[in-house]
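Asks: following is a predicted model, sequence given first.
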Amino acid sequence: MKSGYAYCLSCKKNRKIVKPKTVTKKQRKYTMGKCENCGGNVSRLGEYKKPSGKKAHTTNTISEQGYIEMLRKELGPNSLVFSTGKVVGVPDIVSFSRGRIKFYEIKPGYPTSVHDVTSPFLKPTQEDWIKQNCLKKKIAAYIVFYYRKRGKLGSETWIYHDVKLTKKNLKKYSQSSSADSRWNTMKKIESWWD
């Protein structure tokens, strides 16, 4: 089993450990945390070791901050726009303007590797949360894809493309859709940046 993963008794699958921490019980070290899918407690034998190298979420954090700034300018000074933090399932950004709440999930508009067609799509917990808390209650939810365009002399431009999530297209932008469907959606998303 890969480091940072544990068997979830609820999901009956190996899942990534969210907020892992090392705990010592009876002179043995365990890694404990939450399941990325269902949010239940998971644990495994062995000490948690932080992955080496640059953190993947750094780009996500920068892209979220850029979109928050853009929303604040677009919605005006009487609006409220903020990051929701790292709560499992909840979209990255929430805005309140003119008496309406909107949620935004920020995702890369390209796969992180040649074989990866999951990172640009909603996780199962995000899909369920949006279905239960937004679509059923008629609250607007968007998936926002970003692309970092690098220019001359090290300049960068962040390009965003938002898609309003509906009952019809939620599955299309989720990891629960088929691999073929995700590949076709990725081709469409990549065409936006040309």
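Replies: Received it, and whenever you're ready, just let me know what you need.

Asks: average pLDDT for the top strand by length along the chain?
Replies: If each strand of the chain is counted by residues according to DSSP state E, the longest one is strand 13-25. Per-residue pLDDT over strand 13-25 has a mean of 85.

Asks: run the chain-centre distance for it.
Replies: 19 Å (CA atoms, centre = their mean, to the nearest Å).

Asks: buried stuff in the helix or strand just after it?
Replies: Toward the C-terminus, strand 13-25 is succeeded by strand 28-35 as the next helix or strand (DSSP states H and E). By neighbour count with 16 or more other CB atoms under 10 Å, strand 28-35 contains the buried residues 30-35. C-beta here means a position set from N, CA and C on the backbone, and glycine is covered the same way.

Asks: again, but for stretch 83-102
Replies: Here stretch 83-102 shows 83, 88-95, 97, 102 as buried, counting by 16+ other CB under 10 Å.

Asks: quick one: the helices in this structure?
Replies: 57-75, 124-130, 179-191 (DSSP state H).

Asks: quick one: which of those helices is nearest residue 44?
Replies: helix 124-130 (19.9 Å; CB to CB).

Asks: for the closest one, packing partners?
Replies: strand 100-108 (3 or more CB pairs under 8 Å, 6 or more residues apart in numbering; DSSP states H and E).

Asks: return the most buried member of the helices of the chain.
Replies: helix 124-130 (a mean of 20; mean count of other CB atoms under 10 Å).

Asks: and that one, how far from the chain's centre?
Replies: With CA atoms, centre = their mean, you get 10 Å for helix 124-130.

Asks: hmm, residue 91 and residue 101 touching each other?
Replies: No - between residue 101 and residue 91 there is no contact under CB atoms under 8 Å: 11.0 Å.

Asks: coming back round to it: which of the residues in the longest strand of the chain are buried?
Replies: Under 16+ other CB under 10 Å, the buried positions of strand 13-25 are 15-18, 20.

Asks: try stretch 129-139
Replies: 129-131, 134.

Asks: domain map for this structure?
Replies: Per automatic domain parsing, the domain ranges recorded for the chain read 5-45, 57-191.
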